[in-house]
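> attaching a predicted model along with its sequence, questions to come.
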Amino acid sequence: MERATHVALWFLQRLEGNVKSEVGPMQPRELLALVRRGEIKPETMLRKDDSAWFPASEVGGLFEAAYRPEINYYCPSCGKQISQPPVTCANCLHDVGAKEAREVKQAIKAIPSDPKVAKQSSADDGQRSVQSWLRNKVARKQK
């Protein structure tokens, strides 16, 4: 039996003069894009699905997630973008293994206004970089 997956829908409240307006529904990736552009700040009021309004600062990990580099994967056979492996490329039907795809990190252009977020993000990137290097080193030795 298949389980239906529910993607959360997000709404934000904008105040223009004395007028409040509601923007949405948005998918999580759209919400992250607004954080990256600086349109959502910690004090911005959000709601998830039918919940009550709350400040964006109460969404655990929202600002941290927005400033992590986005990783895109590409098929080694045809070069088209694919979802995270293992997966079959929809373009050329190549079965792409977990370590076979080309990974490209997209740099986030916006600079977080909260220095704690920037510091944590940099620390996470360094840790991931070391872990990635170590995985590649071990994989080469096993070949």
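Cool, the structure landed.
> helices along this structure, start to end?
For the chain, helices defined by DSSP state H occupy the ranges 28-36, 62-66, 115-142.
> what sits against the residue nearest to residue 88 when sequence neighbours are not counted?
Excluding the flanking residues, the one nearest residue 88 by CB to CB, 6 or more residues apart in numbering is residue 95, at 5.3 Å. To be clear about C-beta, it is placed using only N, CA and C from the backbone, and glycine gets the same treatment. The contact partners of residue 95, by CB atoms under 8 Å, 6 or more residues apart in numbering, come to 86, 88, 89.
> follow-up on the earlier one: the helices of the chain: lowest mean pLDDT?
Note on the helices of the chain: lowest mean pLDDT is at helix 115-142, with a mean of 55.
> number of nearby residues for the nearest residue to residue 7 once chain neighbours are set aside?
Computed as CB to CB, 6+ apart, the closest residue to residue 7 that is not its neighbour in sequence is residue 27, at 6.1 Å. As a burial measure, residue 27 scores 13 neighbours (other CB atoms under 10 Å).
> ditto for the one 5 residues further on
For residue 32, the count of nearby residues is 21 (other CB under 10 Å).
> repeat for residue 96
Neighbours of residue 96 (other CB under 10 Å): 22.
> contact partners for the closest residue to residue 78 other than its chain neighbours?
Spatial nearest neighbour of residue 78, chain neighbours left out: residue 92 (4.2 Å); criterion: CB to CB, 6+ apart. Counting by CB under 8 Å, 6+ apart, residue 92 touches 75, 77, 78, 80.
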